[in-house]
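Asker: quick one: sequence and predicted model below, then my questions.
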Amino acid sequence: MSEDIAPEIVLALEIDDPALADRIAALLGGVAGLRLAAPGEQATATVVAQAARGIAGDFALTQRELDVLALMAEGASNKMIARQLGISVHTVKFHVGSLLDKLDATGRTDAVAHAARRGVINL
């Protein structure tokens, strides 16, 4: 009897952030039946990462603000966020302040709640 062999899926990554592209490539590298496309190679599917996600209004959150927001949603302190992202606590405070302004929030918990309601993050 012959075994059915699943067709190989060739996946291209179109991600501007090299660190994110490397993390995704590492995660997908071991998936059976999946191979990352070489530069210029025709792919079966393409993963595209957007630089910023829009929110209701005329503004968008930067990738770094999204990173900070995700860690805030996990309950991380400014110090923990700084360590995780390799930035200073002062820079984290700047990003938190920016998030509060952009999301029209009164505090960290309120910012996470506003972001979840607007579909910026999933809880």
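Answerer: On my side now, so go ahead. Residues are numbered from 1 along each chain as shown.

Asker: longest helix anywhere in this structure?
Answerer: helix 89-102 (DSSP state H).

Asker: tally of neighbours for the residue nearest to Leu99 when sequence neighbours are not counted?
Answerer: When the adjacent residues along the chain are set aside, Leu99 lies closest to Ala111, with 5.1 Å between them (C-beta to C-beta, 6 or more residues apart in numbering). In short, each C-beta sits where N, CA and C put it, glycine included. Each residue near Ala111 was counted by other C-beta atoms under 10 Å, and the total is 24.

Asker: ok, now Lys102?
Answerer: 20.

Asker: just Gly30 next, same as before
Answerer: A count of nearby residues for Gly30, using other C-beta under 10 Å, gives 7.

Asker: what does Ala45 give?
Answerer: Neighbours of Ala45 (other C-beta under 10 Å): 10.

Asker: my read: it touches Glu8, true?
Answerer: No - contact criterion C-beta atoms under 8 Å: Ala45 and Glu8 do not qualify, at 11.7 Å.
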